[in-house]
Each structure stands twice: as structure tokens, then as C-alpha cells.
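**Student:** next one to model:
(2 chains)
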Amino acid sequence: MAKNGVARTNPVTASATISIGLIGNPNTGKTSLFNALTGLRHKVANYPGVTVEKKTGTFALGDGRKAEITDLPGLYSLNPKSSDEKIAVDALHGRLPSVEPLQAVVVVVDAGNLARNLFLVSQVLELNLPVVLALNMMDEIEKRGLTIDVGVLSERLGLPVVPIVARRRVGIDSLKDRLNEVLGQSRIPRYTAVEQAGKDLLDIMLPLREHLARQENFPSETAAMAAAIHQISTRVQPAPWEREEAGHPHFGPNEEILEKCRALLEGREVDWQGLETTLRYNWIDQILTGVIGEEEDAKLSPTEMADKLLTHRLAGPLIFLFVFGLIFQSIFSWAEMPMDFIEGGVAWTGEQAGSLIPPGMLHDLVVDGIIAGVGSVLVFLPQILLLFFFLALLEDSGYLARSAFMMDRLMRGIGLSGRAVIPLLSSFACAIPGIMATRTIPNWRERLVTIMIAPLMSCSARLPVYALMIAAFIPQVTFLGIFSLSGFVLLGMYLLGTLGAVTVAFIAQKLRNRRHPRPLSTFIMELPPYRRPSLRWAGVQVLDRARIFITQAGQIILAMSIVLWALAYFPRAEQNGEKAVPQLGQSYAGQIGKAIEPVIEPLGFDWKMGVALVTSFAAREVAVSTMATMYNVEEGEGETVSLRQAMRNDRDPITGKPIYTPLVAVAVMVFFVFACQCMSTVAIVKRETNSWLWPVLMIIYMTSLAYLLAFITYQGGRLLGFE
Amino acid sequence: MKNLKNLISLDLLKKGEKAVVRGFGKSAAGRIQLMELGLMSGTPLRLVKSAPLGDPLEIAFRGFHLSIRKDDARAVLVEKVAER
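**Tutor:** Numbering: from 1, shown residues only, chains lettered A, B, ... in the order given. A predicted model of the protein is given here:
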């Protein structure tokens, strides 16, 4: 990649768009600042080839020039530990083709946490890019009775420092002005952390620096030396799994030179393991001397007071369950009205389109294929968006980190961490937001396992299927006056899915460990102070998610809707004759249902259920309307009642025995617990893993599980004497 | 590291106890990450609490709070600070 050792320059041209990078530690309000700078003028996409989200926006600089700002993934250090962090580092180094070489960097720091935040700043300074430091959350500083000498800080760092309150958009104009200034200025040489080492030690490390500079294009000599110091401090023999990890440095060291440097340092009684961090924190301590008053941590912060209750041994988990119960309750009750509205809207659109287009194939394609198909997914949008809204509030308030903290121990047994809890719980409402929420999991393997098991949590689209089967076939029996058998069966289905997810994760962990023995992922996670969540931020999050779902998953959903429609539409039934042949029965979907009947017969399913399995790939609840069509039940108010009757009365023409029994109904439900009957899930997994491999694997493993367990249920039940 | 006797691993601290970091054990997987966050030799810290199921731990240092598993904490050597 590197042609020679010449440092990259950052020409500030008068061209129309200035490329700016936004970087900072997690929990510093980076996204708030991004929103404050750009308003709603931003777009969200993926970086090509990876699953890291790319967020860019534009704003006008003071002199009218247009700036494009890229919100880079949050990180604590420029030594990347995940693919997200590597993206940020590569963008800063100008080696990311999808991001224009940066002409300036805005580093956001939490004013209340300066020392830790300056670690990243010390590294950014070595990149030789114009930098503006945004000192965020100044209001919290004032509340704590602290002061920061911004002038001295700015002078010592050699760059403009702008106090801001991103959330209330305080100081944003001033930040833009400072940006304008640094863009025009030539760079001032700064005293960096590397120079803390002193000439003696730097000379020892010079051979390694030169070696690295021959392999890699560094923006400055200081940056090359920083890389050398970093390798001396942290470099270990790479384990086999390490090469795969996205965060691994892609330039190889010379072990010989490295060891020689270490030996020489040891000769001077230098602890080379802590060299980099020691140098940087020494530098930070010097910078901060007299800038910020020492804070007494004798008195408990409001956050710690709140945590006395919120992460309390007993109260903590109870509150957690209560919060999630409340969220689910609101999702189902609040979503009802907009869902009815969308249903009505879809029906109305179908009618309007139907009256515009003359009867024929095009008419049916548009009305029954596209509008009805996409509509069956669109109906869940209110639930999905509400869940996103609540998740954004939880994340923003700091409670998300606490729930991960509390639940980590539970998840560790199956090779996951506390961070997987929220995505998995969300999937009880809908797997789409659950899968998209896995972005908070930095470890890729852990994230992938979470994505793969999320659809096993029984989502709300399964409820209509469970409800139909239970109402039609589970006897009305109660125990002790309050517990009904129906309730037990329903609860059993939820538990079964959860148990399945746990088992799959457990097996995935075993498989993985056999191939790559490696230490478990660490769970070093900041517990940020509680902050009042911003409704505006949550709103922006919801809009972004909705846009991604509709545009990116929408294309796949649309295509699948048309295919499923065509399967049910062709070939056309004979319309003449005394008795019209039911269209669905003799269509390709019907033919598939009949063709797979021998395969699904051991599960107790007849061909009509086979057709429902095909059509419900659109979304699980479509199974109910398919069955209604199959039994020629008029859709409308009495639909479910008459469908129940029709299914109960259905008899095998040869034996005269009922086709559906309670045992078959249970087998159907078990099948729906495990089967991947949801094109939206498939589409979103494709989007989130950036590959067709994982969604295809998901369909295969879930369908196999569904078949196997429905088989065991039905055959096992028959052995036990059930019909 | 002279007074090795006084050193204990971080996971042995009790709730509310304060200590100063004195070093890292051999198998410290998260060592680099912890050091970058400012947890290094000489850093004072406080064990805030353990999670409801006993693990992970919550520690506070340099003005912020961190969740760390006992497995990772075991590799951090600390010296207890006597309460005044």
C-alpha cells in the first residue's frame, strides 16, 4: 500500500467540500454533536465490505464552504480492538477508500472525564492533522462545581479547545469558527507524548521505527515512533485466531528488532510492557496539572446513589424485569392503533390500485402480490419502531450498560456476554430490532451467535399462529381454578424457543472452541453516568432504523413478496365448469404443499399445512390467512371462529379420522417456534452480516431444527398414546 | 514489586474497599485495554460492588466506573489502602 516513507500531506484546497472526521470515546455525546452540527442532513450506510455503519452528514462552515463530516465509530484508543474501531483508525490514517482523506478532525471529549479522554487525543495529535477539541458536557462540570481552564489547556495542547454542550447545541457555532481557522493554518509543531520518553530511549527504539516506516506510510515521524512504542509495549506472538480478528495490525513486525529493543530497554530498567500507556498518561498528567481541580470522590455521585437501587442484588434484577415488562406492555398496547391504521391503509391502497388497474394479471400482481405482501410486513413497523425508540432511550440513559452488567454472568455459560441480553429480549417482540441492536456487541463472533439465535425467541408474529392452534385444539381445562392448559401451552412455546436459543449458542461455543482454543472474550465495559435520555436523539435513531429497514430490507422483501405471489398465482385454475377449482390448491404453492406432503406427514401435517408453510415464509402470521383461504372461509369478523370449526371438522377422506388433533396442533406450534418463517429476518441478517452465507445457514439450521422437533413431538406423542 | 506479601488480586477486594494498582499478572488478557483506560501501576481504585450474581465487578478509578469480570480482575495486582 505504501509507496515510500514520505509522509502524507493534507492539502487544504478551496474545493467545494471539506472532509472532516468526528472521533471520540464512547459515551462522550459524539452522536449528539454530530446531530447538532448536521441537523437531520445525514445518511446512514455500511462501509463497503464490512458491517460497520457509516454515518455522514453535511453542514456549512462559517465562510459558506460545505463540510462533510463522518461520524467515526467510538473508541478509547487508536489501537483497534474490533472491526468498528479499525474502521475509525483506517479513516484517520487516510487508508479507507470510502472516506475522503480527512482535512480536519474534531475530537469530542467528556469534560468530566478528561484524563481518560486525552489518551485518544494524545494519539490523534500524532497524525499531523488539524484538530479541534470539543469539550463536551460542560454543564455537568459546572453542576459538580468544577472548573476547567480552557485557555491553558488549549495552549498546552497547541490546538483550539471549544467548550460545548452538544445536547443543548451550545457552542456549536464557535466550534465551526475554530474549524474554519485550523483549516487555513499551517501546523504548529506540538510537544507529544512520545517525546516524554527522552532522547536516550527514543534512540533505542529508532531501528524499529525505521523498520516500520519502510512497511507503512506514516503521517509523521512521531506517528511511526508511536507505532514502534506500541509494538514494544503490546506485541505478543500472534495466536492463530488473532490473525482473523479484524483489529489485528496488518503490518508485520520484525521480531528480531523488537526483541533487541526490549532487551535494551530492560537493561535500563524500563518496564516496556507499560511503556506506551505510561508515556501517554505522564503526558496527560502534565497537560492537566492546574487545569482541572482534583475532585473528591468521597461523596457519592447521583449515579452511584441510583445504582444502589438499580443494580442492587435483589432489586436490580426485579427492576430490570419490570422495565422490560413495561416496554413490552407499551409496545403491544401502543402499537395496536397504528397497526390497525396501517392495515386499513394497505387495504385502502389495494382497493385504490385495484380500481385503477384493469382486471388481469397486473392487477393481481399489484394488489395481491406487492401491496398485500409488503403490507404483511409493514404492519409490524409500529412495533419495530417503538422497540427501537425504547432501546435508544435505554442506551442513552446509561441503563443499557447496567442491564449488561447485571446479566453478564447468566450469558457467560453459553459463551455470550451481558451485551447480548437486550438484543435477545427485544426479539421476543420482533427479531428485526433485536438483530439490529447487536451492533452494540463489539466482539464479532459473539455478535454473530446472537444474530443467529435471536429469531428463536418467540416473536409477536407467531402469536396469531399459536392463538389459532390453541383456541381450536387445546382443551379448556383449568387447574386450581386459575391456571389454564392453554396458558401453559403458550408459555411452553416461549420457553421452548428460549431453551432452543440457549442450546444453539452453547453448541456454537463448543464448535468454536474446538477449532480455535482461545480465552473467552473479556467484558471490560464502561458504566457511564446516568443521563436524562434525549427524545430528539431517540427520534433520530428511530428514523434512521426505519429508513434502513424500508430501503435496504425492503428491496429483498419486495422481491420475495412477488415470488411468493407468483407461486400462489400460477398456473391459473380453470374458471369454467360447474365447480371452480380452488386456485391456491392447484397453484405451484399448492403443488409444493402436495409434493412435500410425504416429507411432512411424519410431523402429522397434511398438504394444506404444507402450503401454509410455503406462504408463511413472507411472515408467520400469513399462515393463518392461508389456512383461511384453503378452507374457503370468508375473511372478516368471524374468520378465526369459522376457521377453527373448519379445521376441527376436517376429516381424512379415506380413514374418516380428523386431520387435526391436539397433538398435531402442538407439533405445528413447535414447528413455528423453530422455523425461520420470516423474509424480513432473512433480509435484515443479510444486511447486518453483509453476506448471504449467514441468512442461508440460518434458514437451513432453523428449518432442520423445526422439522426434527416437530417430528419428535408428533411421533413421541403417538408412542405415548396420543392421537 | 518489593512487598509482594501485601499484594492481592483485584477480585479479592471487598465492596467499598480502596486499593492502588501495583502490577499485572502474566495472563492478563485485558491488560492493554485496562492500561489504555488509565488503570496502571500507581492508579488508585475502589471496588464499588459486584453484580447481582456475584460477577462481574464494578470498579471506579480516575473518575469513572468500569465493569470487569472476575477472571480479568484476577490478573490485576493491587495493594489495599487502609481506611482512615
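**Student:** go through stretch A:191-204 and flag the buried ones.
**Tutor:** By 16 or more other CB atoms under 10 Å in any protein chain shown, the buried positions in stretch A:191-204 come out as A:192, A:193, A:194, A:196, A:197, A:201, A:202, A:204. The way it works is simple: take the backbone N, C-alpha and C, and place the C-beta from them, glycine included.
**Student:** quick one: which of these sit in strands?
**Tutor:** Nothing among the buried residues of stretch A:191-204 maps onto strands, per DSSP state E.
**Student:** now the residues you listed as JSON lines including distance to chain B and pLDDT?
**Tutor:** Shown next, in JSON lines, are those (distance: CB to the nearest CB, whole Å; pLDDT from 0 to 100):
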{"residue": "A:192", "distance to chain B": "17", "pLDDT": "81"}
{"residue": "A:193", "distance to chain B": "12", "pLDDT": "85"}
{"residue": "A:194", "distance to chain B": "16", "pLDDT": "84"}
{"residue": "A:196", "distance to chain B": "14", "pLDDT": "81"}
{"residue": "A:197", "distance to chain B": "16", "pLDDT": "83"}
{"residue": "A:201", "distance to chain B": "18", "pLDDT": "87"}
{"residue": "A:202", "distance to chain B": "21", "pLDDT": "88"}
{"residue": "A:204", "distance to chain B": "21", "pLDDT": "89"}
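**Student:** closest to residue A:381 out of those?
**Tutor:** residue A:193 (49.5 Å; CB to CB).
**Student:** what sits against the closest one?
**Tutor:** Residues in contact with residue A:193 (CB atoms under 8 Å, 6 or more residues apart in numbering or on different chains) are A:122, A:125, A:226, A:279, A:280, A:282, A:283, A:284.
**Student:** what sits against residue 73?
**Tutor:** Picking chain A for this. A:52, A:84, A:85, A:87, A:88.
**Student:** chain B, not that one
**Tutor:** So residue B:73 contacts B:9, B:10, B:11, B:57, B:59 (CB under 8 Å, 6+ apart).
**Student:** what residues does chain B have near chain A?
**Tutor:** B:24, B:27, B:29-38, B:40-41, B:46, B:48-49, B:51-56, B:58, B:60, B:62-69, B:71-72 (CB under 8 Å from any CB of the partner chain).
**Student:** which of those count as buried?
**Tutor:** Judged by 16+ other CB under 10 Å, buried ones among those: B:24, B:29-38, B:40-41, B:46, B:48-49, B:51-52, B:55-56, B:58, B:60, B:62-69, B:71-72.
**Student:** by proximity to chain B, which residue of the stretch 351-500 of chain A wins?
**Tutor:** Distances between the stretch 351-500 of chain A and chain B by CB to the nearest CB are smallest at residue A:409, namely 3.8 Å.
**Student:** residue ranges of the strands in chain B, please?
**Tutor:** Going by DSSP E, chain B shows strands at B:7-9, B:18-24, B:44-50, B:57-61, B:64-68, B:76-80.
**Student:** could I get those strands as TSV with distance to residue A:703 and mean pLDDT?
**Tutor:** Supplementary listing: the strands of chain B in TSV, determined by distance: least, CB to CB, whole Å; pLDDT from 0 to 100:
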stretch	distance to residue A:703	mean pLDDT
strand B:7-9	48	90
strand B:18-24	48	91
strand B:44-50	42	94
strand B:57-61	42	94
strand B:64-68	38	93
strand B:76-80	47	92
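**Student:** as JSON lines, those with distance to residue A:489 would be great.
**Tutor:** Formatted as JSON lines, the strands of chain B follow (distance: least, CB to CB, whole Å):
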{"stretch": "strand B:7-9", "distance to residue A:489": "50"}
{"stretch": "strand B:18-24", "distance to residue A:489": "54"}
{"stretch": "strand B:44-50", "distance to residue A:489": "39"}
{"stretch": "strand B:57-61", "distance to residue A:489": "41"}
{"stretch": "strand B:64-68", "distance to residue A:489": "39"}
{"stretch": "strand B:76-80", "distance to residue A:489": "50"}
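**Student:** mind checking which of those is nearest residue A:92?
**Tutor:** Per CB to CB, nearest to residue A:92 of the strands of chain B: strand B:64-68, 23.9 Å.
**Student:** for the closest one, which strands pair with it and how are they oriented?
**Tutor:** strand A:525-526 (antiparallel), strand B:57-61 (antiparallel) (DSSP bridges).
**Student:** so of the ones you listed, which one's packed in deepest?
**Tutor:** Each of the strands paired with strand B:64-68 was scored by mean neighbour count; the highest is strand B:57-61, a mean of 22, by mean count of other CB atoms under 10 Å in any protein chain shown.
**Student:** who in the stretch 401-550 of chain A is up against chain B?
**Tutor:** Close to chain B, as judged by CB under 8 Å from any CB, the stretch 401-550 of chain A has residues A:401, A:404-406, A:408-410, A:412, A:418, A:519-520, A:522-528.
**Student:** in helices, which of those fall?
**Tutor:** A:401, A:404, A:405, A:406, A:408, A:409, A:410, A:412 (DSSP state H).
**Student:** most surrounded residue in those?
**Tutor:** residue A:405 (28 neighbours; other CB atoms under 10 Å in any protein chain shown).
**Student:** what pLDDT does residue A:363 get?
**Tutor:** Looking at residue A:363, its pLDDT reads 86.
**Student:** many thanks, I have nothing further to ask.
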